[in-house]
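In: just coords:
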Ligand SMILES: NC(=O)C1=CN([C@@H]2O[C@H](COP(=O)(O)OP(=O)(O)OC[C@H]3O[C@@H](n4cnc5c(N)ncnc54)[C@H](O)[C@@H]3O)[C@@H](O)[C@H]2O)[C@@H](O)CC1
Ligand SMILES: [K+]
């Protein structure tokens, strides 16, 4: 499913109106009808009392359509307008004029005191205060009303997006409605899909308001629904599922190299070689004896020494892919090794963790200059180093920043977090829906690096392997959470559920997961 920005949605609206002649009023009717339909299927209408809060834009206009339909189907409804009703224009004004002629209370509100009783006695609330037209922090009466709605604990349906959520970022602009259901129009907006907006939507429905699907071709963000894995060759040997070199580990980081190299095999990969400092290798070997070890010379602090460069380059030549970074440490000499290797390794290279930090310390275009494909897997802090922007700047413009950075570095970038994002050099962005908060734990990123390599080993091209790896990693976490609960999921759990995740992906997801991973329920 495609996901739009606010400006893309405006352009889609314009195309529908100008190219296809689907008038404003029709779009608003479709939108209002679909939202009404959600109300009716989730609550029932007859003999129930609803409050519809309308702002003075088209979101409020949708609210009027909903109010008309509630009335027409035997419900009781009051419409509360926030702002000056004389400012309604076009389809919103037409619908206000209609609802005013009905035996329905329509009033402009000037204080929360005047509506408290109604709010606490209604059956449910429709939030049509702000949609995609939200431009600034929510304050004054708007803020008080949203706070009252939250305090009332009434069931809420938000129209298009919970009021107060920024449609482009999912960030809360001061205060936002906490909806139980949201009906969004055309396509879901980025703010419906990214946290905290995603959580504020409750159950998300989308209706295409009669937009022809051909209009979505230019939209470059979508839910991550990666391609299928190729069937596993029954007659294969281990080399057929990829040979990957992991350059990882330091004296105080035994876990990261183990999780990365082992996950590759648990996800279906064939041959895992681990180049870790020689003094830590025997310890890792006690946990992961399936891994082939290439013990390395080390610095005084027990990290990889620059002396290993020639041997590592020669070894990389024989591999299908190289993963560099998990638990390498930030020792100067090791960072120098990373930079030199990243510039010279001529195989697909996944750069993770400390290696990302090393690369970012010199701005000499190492990544952009690489001939083979590059994958970067930063968390927000590392993304901040890559882009030289603050975490809050990134949060306020995640999609655009990721899109720009992936293009500029010519790398596939996984921006890790709740709903990880994948940015590709061709400017496409994928929002991943699998995974849960239990996975925000140490070692989880190392498992991700191994899983992506595993998908490549199973035969997917690099960009598809990145998308599939992110998805499978999240699925493994979700399957672990189904059995054990989200609390206390460790990297070891994710790793152990990888085989089941790949099996589940091949054989078909259960109904609950399938639903969650689609992003929104289309009506
Ligand atoms: N053809 C279309 O454009 C369609 C639009 N639709 C609806 O229209 C919505 C977008 O409509 P609009 O662009 O009119 O925008 P909104 O209805 O979201 O709100 C815009 C109004 O709110 C004001 N505003 C913004 N931030 C504010 C703040 N923090 N405090 C106080 N006032 C603030 C603006 O000045 C403007 O008057 C969509 O979300 C959707 O619900 C649907 O009816 C479907 C068709
Ligand atoms: K809304």
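Out: Right, received. Where do you want to start? On a predicted model such as this, the values are computed, not experimentally measured, just so you know. Numbers count the residues shown, from 1 in each chain. Ligands and ions are numbered 1, 2, ... in the order given.
In: Residue 294 contacts residue 275, correct?
Out: Yes - counting by C-beta atoms under 8 Å, residue 275 is a contact partner of residue 294 at 4.4 Å. Every C-beta, even on glycine, is put in place using the N, C-alpha and C of the backbone.
In: joint contacts of those two?
Out: Shared contacts of residue 294 and residue 275 (C-beta atoms under 8 Å, 6 or more residues apart in numbering): 245, 315.
In: Of those two, which one has the most company?
Out: Using other C-beta atoms under 10 Å, the more surrounded residue of residue 294 and residue 275 is residue 275, with 25 against 18.
In: That one bridge partners, please.
Out: With DSSP bridges as the criterion, residue 275 is bridged to residue 247.
In: so it sits right up against residue 291, yeah?
Out: No - with contacts counted by C-beta under 8 Å, residue 275 stays clear of residue 291, the gap being 10.7 Å.
In: Find residues that contact each of these two.
Out: Shared contacts of residue 275 and residue 291, defined by C-beta under 8 Å, 6+ apart, are absent.
In: Helix, strand or coil: sort out residue 144 for me.
Out: helix (DSSP: H, G, I helix; E, B strand; the rest coil).
In: Excluding chain neighbours, give the residue nearest to it in space.
Out: Excluding the flanking residues, the one nearest residue 144 by C-beta to C-beta, 6 or more residues apart in numbering is residue 112, at 4.6 Å.
In: Roughly how far does that neighbour sit from residue 145?
Out: Applying C-beta to C-beta, to the nearest Å, the value for residue 112 to residue 145 is 6 Å.
In: Show me what the helix or strand where residue 311 lies is packed against.
Out: Element membership for residue 311, per DSSP states H and E: helix 309-317. Secondary-structure packing of helix 309-317 (3 or more C-beta pairs under 8 Å, 6 or more residues apart in numbering; DSSP states H and E): strand 243-247, strand 271-275, helix 332-344.
In: Show me the strands in the stretch 301-450 of the chain, by range?
Out: Taking DSSP state E, counting those that start in this stretch, the strands of the stretch 301-450 of the chain run over residues 321-324, 349-351, 374-376, 411-415, 421-423, 429-431.
In: looking at the ones you listed, which is closest to ligand 1?
Out: Nearest to ligand 1 among the strands of the stretch 301-450 of the chain is strand 429-431; the distance by C-beta to the nearest ligand atom comes to 19.6 Å.
In: what distance separates that closest one from the middle of the whole chain?
Out: The chain centre lies 7 Å from the centre of strand 429-431; the measure is C-alpha atoms, centre = their mean, to the nearest Å.
In: ok, now stretch 467-482?
Out: That offset, for stretch 467-482, works out to 13 Å (C-alpha atoms, centre = their mean).
In: hmm, back to that, compile the strands of the stretch 301-450 of the chain into JSON lines and extend it with columns for mean neighbour count.
Out: Shown next, in JSON lines, are the strands of the stretch 301-450 of the chain (neighbours: other C-beta atoms under 10 Å):
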{"stretch": "strand 321-324", "mean neighbour count": "29"}
{"stretch": "strand 349-351", "mean neighbour count": "29"}
{"stretch": "strand 374-376", "mean neighbour count": "25"}
{"stretch": "strand 411-415", "mean neighbour count": "27"}
{"stretch": "strand 421-423", "mean neighbour count": "26"}
{"stretch": "strand 429-431", "mean neighbour count": "22"}
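In: Same list (those) but as JSON lines, adding mean pLDDT and distance to residue 46.
Out: Compiled in JSON lines, the strands of the stretch 301-450 of the chain are given as follows (pLDDT from 0 to 100; distance: least, C-beta to C-beta, whole Å):
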{"stretch": "strand 321-324", "mean pLDDT": "98", "distance to residue 46": "60"}
{"stretch": "strand 349-351", "mean pLDDT": "98", "distance to residue 46": "58"}
{"stretch": "strand 374-376", "mean pLDDT": "98", "distance to residue 46": "55"}
{"stretch": "strand 411-415", "mean pLDDT": "98", "distance to residue 46": "47"}
{"stretch": "strand 421-423", "mean pLDDT": "98", "distance to residue 46": "43"}
{"stretch": "strand 429-431", "mean pLDDT": "98", "distance to residue 46": "38"}
